[in-house]
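> Below: sequence and its predicted model.
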Amino acid sequence: MRTIAELAEQSGFSEDEIRASLARLQKACLIHVKGEVVCALSITDMFMMNEIQQPSSDIYIEDGIIKVRK
């Protein structure tokens, strides 16, 4: 877990740039942002969030292998 301020300080980008990037990552179901705290999602959480937000997702897991529907 990191805060937005920590990410800005460590990366050298502004907090606005960090927030814009985090919004894209959250929309793609790769991270979770709660207030000022940012957490990377596990692979399982990524797929669960993806299915909840985008039920027609082309990405799925079969026999432990990540696949893309054609």
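Thanks, I have the structure now. Residues are numbered from 1 along each chain as shown.
> ok, now which ones touch the spatially most central residue of the chain?
The chain has Leu30 as the residue nearest its centroid, 1.8 Å off, counting by Cα atoms, centre = their mean. By Cβ atoms under 8 Å, 6 or more residues apart in numbering, the contact set of Leu30 is 40-41, 46. Backbone N, C-alpha and C define where each C-beta goes, glycine included.
> Any chance of JSON lines for these, columns distance to Ile66 and neighbour count?
Output for the contacts of Leu30, formatted as JSON lines (distance: Cβ to Cβ, whole Å; neighbours: other Cβ atoms under 10 Å):
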{"residue": "Ala40", "distance to Ile66": "17", "neighbour count": "12"}
{"residue": "Leu41", "distance to Ile66": "14", "neighbour count": "17"}
{"residue": "Met46", "distance to Ile66": "10", "neighbour count": "18"}
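> ok, so of those, who is nearest Glu9?
Of all those, Glu9 sits closest to Ala40, with 18.3 Å by Cβ to Cβ.
> ok, that closest one to Lys67 distance?
According to Cβ to Cβ, to the nearest Å, Ala40 stands 22 Å off from Lys67.
> Ok, Ala20 next?
To Lys67, Ala20 is 31 Å away according to Cβ to Cβ.
> now the lowest-mean-pLDDT helix or strand in the chain: how far from the chain's centre is it?
Here the helix or strand of the chain ranked lowest by mean pLDDT, DSSP states H and E is strand 59-62, holding a mean of 75. Strand 59-62 sits 17 Å away from the centroid of its parent chain (Cα atoms, centre = their mean, to the nearest Å).
> Following element in sequence after it, please.
Using DSSP states H and E, the helix or strand that follows strand 59-62 in sequence is strand 65-68.
> ok, and what's touching that following strand?
With contacts defined as Cβ under 8 Å, 6+ apart, strand 65-68 is touched by 43, 58-61.
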